[in-house]
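S.K.: Below are the sequence and a predicted model for it; my questions follow.
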Amino acid sequence: TVYPPICFPGKLKCCSLRPLTFFLITVLLVFFGMGVLSPRISMLETKSEGEGEATRKPTEMQVVKLPRMLYPQPMVMTPSRKDVLVLTPWLAPIVWEGTFNIDILNEQFRLQNVTVGLTVFAIKKYVVFLKLFLETAEQHFMVGHRVHYYVFTDRPADVPSVALGEGRRLVVLEVPGAARWQDISMSRMQMISDFCERRFRREVDFLMCVDVDMRFSDHVGVEILSPLFGTLHPGFYRAARQAFTYERRPQSQAYIPRDQGDFYYLGGFFGGSVAEVQRLTKSCHQAMMADRANGIEAVWHDESHLNRYLLDHKPTKVLSPEYLWDEQLLGRPAVMRKLRFMAVPKNHQQIRN
Ligand code: UDP
Ligand code: MN
């Protein structure tokens, strides 16, 4: 038996997910049970493996034909998980252990020679987190795929040298720090959006944007990749929307009224295609500037604006709290079959000053 070829149709055209395009993508996603329809990949960019940046030639369509594979049959009458929601009401997968076959996904993404960019900020004292972050990423993050780490820092000399696997590189981007930690956190949106334009567009297919006070503790791979993804905040995945810590003042651009909202997403883990991440970060940056002009700062800074954006622009995949967990705060509930990416305990006062 030959697995049917997978066609990647034309590029998403506009900044909002137009209903028709969105519907078609959703149908394809559900049909193939995965979320690999990246608008960038769909353009088929052939990459030269040169020293420097990959060069790409867009074409109309890429067909990926999988080799013969043996794996357990997906059984229609046997749900992959009965204990958790695995699909949003707009038919985006919610990624939990048990819902995907990593062998199929790895095969698909390898055949496309996908390159994943990871942005991480280590400003001022936060450089201390880099070593464990990078070392554990080498063990668990996108193993077998092409990876570019982009480390934004004001202390380039303090970036540790970590042995990288084949096809993986680290780029240090020197950026200014800010006095307030809130400003450091928020300025990530502007810097990511700037660098999407300046280099990410040419260098990677997908971007994942994460906090640095973290360590990888289990597999984080291509199952997360999709045009636009957000992650469920581990502190709120069981909560009613009224209890979410959205910005509740109508004067802020991040305002979400109590009768609205799908999920509470984390500020410390989002991503997607470069085009979508550029739209998201630019939009959040502009909203934060508008707030500043109006003398208001959203309660949870960039996270509040991310939540507003993802309410209006529904993500095409949602990552379960397996993808960002805080064991110190929340222990190890059985519903989390894997804890993949864990907060490193820190003394807030000490590290931020
Ligand atoms: N950050 C930084 N230096 C700072 C403050 C923050 O580099 O002085 C970056 C870092 O990547 C960090 C992220 O901003 O992970 C968010 O801040 P933090 O992790 O302190 O927020 P929390 O996870 O505690 O909400
Ligand atoms: Mn953090």
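M.R.: Received it, and whenever you're ready, just let me know what you need. Ligands and ions are numbered 1, 2, ... in the order given.

S.K.: center of this structure, which residue is that?
M.R.: residue 271 (2.7 Å; Cα atoms, centre = their mean).

S.K.: For that one, give me its contacts.
M.R.: Residues near residue 271 by Cβ atoms under 8 Å, 6 or more residues apart in numbering: 206, 207, 208, 209, 224, 229, 277. Any C-beta I mention is one placed from the backbone N, CA and C, and that applies to glycine too.

S.K.: Quickly find the element holding it.
M.R.: strand 265-273 (DSSP states H and E).

S.K.: Show the average pLDDT along that strand.
M.R.: Here strand 265-273 scores 98 as its mean pLDDT.

S.K.: next one: stretch 185-200
M.R.: In the prediction, stretch 185-200 has an average pLDDT of 97.

S.K.: Identify each buried residue in it, please.
M.R.: 185-196, 199-200 (16 or more other Cβ atoms under 10 Å).

S.K.: State the three-state secondary structure for residue 292.
M.R.: Under the three-state scheme (DSSP: H, G, I helix; E, B strand; the rest coil), residue 292 adopts helix.

S.K.: and it, how many neighbours?
M.R.: 12 (other Cβ atoms under 10 Å).

S.K.: Nearest residue to the residue nearest to the centre of the chain in space, please, no chain neighbours.
M.R.: residue 208 (3.8 Å; Cβ to Cβ, 6 or more residues apart in numbering).

S.K.: Over to residue 90?
M.R.: Residue 90 sits nearest to residue 314 (Cβ to Cβ, 6+ apart), 4.8 Å away.

S.K.: Verify the stated contact: the one you found with residue 226.
M.R.: No - checked against Cβ atoms under 8 Å, the pair residue 314 and residue 226 is beyond contact range at 11.5 Å.

S.K.: quick one: average pLDDT of stretch 101-121?
M.R.: The model assigns stretch 101-121 a mean pLDDT of 97.

S.K.: same check, this time on stretch 320-335
M.R.: Here the average pLDDT along stretch 320-335 is 98.

S.K.: Need the contact partners of it.
M.R.: With Cβ under 8 Å, 6+ apart as the criterion, stretch 320-335 contacts 83-84, 94-97, 214, 218, 220, 224, 231-235, 237, 266, 268-269, 336-343, 345.

S.K.: Buried ones among those?
M.R.: If we count by 16+ other Cβ under 10 Å, the contacts of stretch 320-335 have these buried: 84, 94-97, 214, 218, 220, 224, 231-234, 237, 266, 268-269, 336, 338-343.

S.K.: Residue 119 contacts residue 147, correct?
M.R.: No - assessed by Cβ under 8 Å, residue 119 is found out of contact with residue 147, at 11.9 Å.

S.K.: Sketch out the low-pLDDT regions of this protein for me.
M.R.: Along the chain, the parts satisfying pLDDT under 70 run over 1-62.

S.K.: coming back round to it: just curious, which of the contacts of residue 271 is nearest to ligand 1?
M.R.: residue 209 (9.6 Å; Cβ to the nearest ligand atom).

S.K.: Could you check how far that closest one is from residue 63?
M.R.: Residue 209 is 30 Å from residue 63, where distance means Cβ to Cβ, to the nearest Å.
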